[in-house]
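Trainee: Below is the sequence, then the predicted model.
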Amino acid sequence: MPRSDALADFITQVGIGITDAFAPGQPGHAVAHRMRHALDTVPAQPGGPANPPCTLPLACRHLDTALGLARAAGPAPLRAWAEAFATVAPSLHWVRSQRRGTEAFHQGHANTEIVGPAGLEQRSDVVLGASLLAPGVVYPDHDHPPEEIYLVLSAGDWFNRQRGWYTPGAGGAVHHPPGIVHAMRSGTTPLLAIWCLWPGP
């Protein structure tokens, strides 16, 4: 199934964002370029979409607010990410994480896979998605083998075992090495972030 114009533009904007975020020599630079190269390469026979559109009302009701915050934040790249995300949003299938957490976490967060085994474009070499947190929600400590990069659309705080809690700000980027324990939390406004996992070699 060929990429729609909306999906192709979203993938292009994310690829530019992740590679522009990390200078040569910085942690995250090498994997960002591997991710972008993979995303720029359309599989010969991509499957998709894997699931019909679906929202989780208690969390997803905050999506428009989060996108509005991103559009208003200022930097042109951030506005481009927000606009590209908004074009694919009607097609997304949002789910809850199965990780342990509080009731506030389970009711107040939503994840979606856009490229990957459960995505609009089905593939396994790279996984691209997004997470949305309602205000005042903590996404609890977790870890996973794939290296990961986030592009932050609306502000929140991030944690990893090397840095503790820190705030990259809207338009910032976050890099997680393989296996590191990490978490994130929203403040008084919803947190929206695009993430990319690199399970490949």
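Mentor: Structure's in. What do you need?
Trainee: what mean pLDDT does stretch 56-67 have?
Mentor: Mean pLDDT, computed over stretch 56-67, is 97.
Trainee: go on, stretch 101-116?
Mentor: Averaged across stretch 101-116, pLDDT comes to 95.
Trainee: From start to finish, how long is it in a straight line?
Mentor: 25 Å (Cα to Cα, to the nearest Å).
Trainee: What are the boundaries of the helices in the chain?
Mentor: Secondary structure of the chain (DSSP state H): helices at 5-20, 29-40, 57-60, 63-72, 76-88, 103-108.
Trainee: residue contacts, residue 36?
Mentor: The contact partners of residue 36, by Cβ atoms under 8 Å, 6 or more residues apart in numbering, come to 15-16, 18-19. The C-beta positions use only the backbone N, C-alpha and C, and glycine is treated the same way.
Trainee: Out of the helices of the chain, flag the one nearest residue 173.
Mentor: Nearest of those to residue 173, taken as Cβ to Cβ: helix 5-20 at 6.9 Å.
Trainee: what angle do that closest one and helix 76-88 make?
Mentor: Interaxial angle, helix 5-20 versus helix 76-88 (axes from the mean of the first three to the mean of the last three Cα atoms, to 10 degrees): 150 degrees.
Trainee: what's the angle from helix 5-20 to helix 29-40?
Mentor: Per the same axes, to 10 degrees, the angle that helix 5-20 makes with helix 29-40 is 160 degrees.
Trainee: re earlier: so which of the helices of the chain comes closest to residue 48?
Mentor: Here helix 5-20 is closest among the helices of the chain (Cβ to Cβ), at 8.9 Å.
Trainee: Between the helices of the chain, which one is closest to residue 51.
Mentor: Proximity to residue 51 (Cβ to Cβ) singles out helix 76-88 among the helices of the chain, at 13.7 Å.
Trainee: orientation of that closest one relative to helix 63-72 in degrees?
Mentor: With the same axes, to 10 degrees applied, the angle from helix 76-88 to helix 63-72 works out at 150 degrees.
Trainee: so what does helix 76-88 touch, helix or strand wise?
Mentor: Using 3 or more Cβ pairs under 8 Å, 6 or more residues apart in numbering; DSSP states H and E as the contact test, the elements touching helix 76-88 are helix 5-20, helix 63-72, strand 147-154, strand 191-198.
Trainee: Next, format those as TSV and append mean neighbour count and distance to residue 163.
Mentor: Output for the helices and strands packed on helix 76-88, formatted as TSV (neighbours: other Cβ atoms under 10 Å; distance: least, Cβ to Cβ, whole Å):
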stretch	mean neighbour count	distance to residue 163
helix 5-20	19	19
helix 63-72	18	24
strand 147-154	25	14
strand 191-198	24	16
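Trainee: Can you add distance to residue 179 and give those back as JSON lines?
Mentor: Listed next are the helices and strands packed on helix 76-88 as JSON lines, based on distance: least, Cβ to Cβ, whole Å:
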{"stretch": "helix 5-20", "distance to residue 179": "20"}
{"stretch": "helix 63-72", "distance to residue 179": "29"}
{"stretch": "strand 147-154", "distance to residue 179": "9"}
{"stretch": "strand 191-198", "distance to residue 179": "13"}
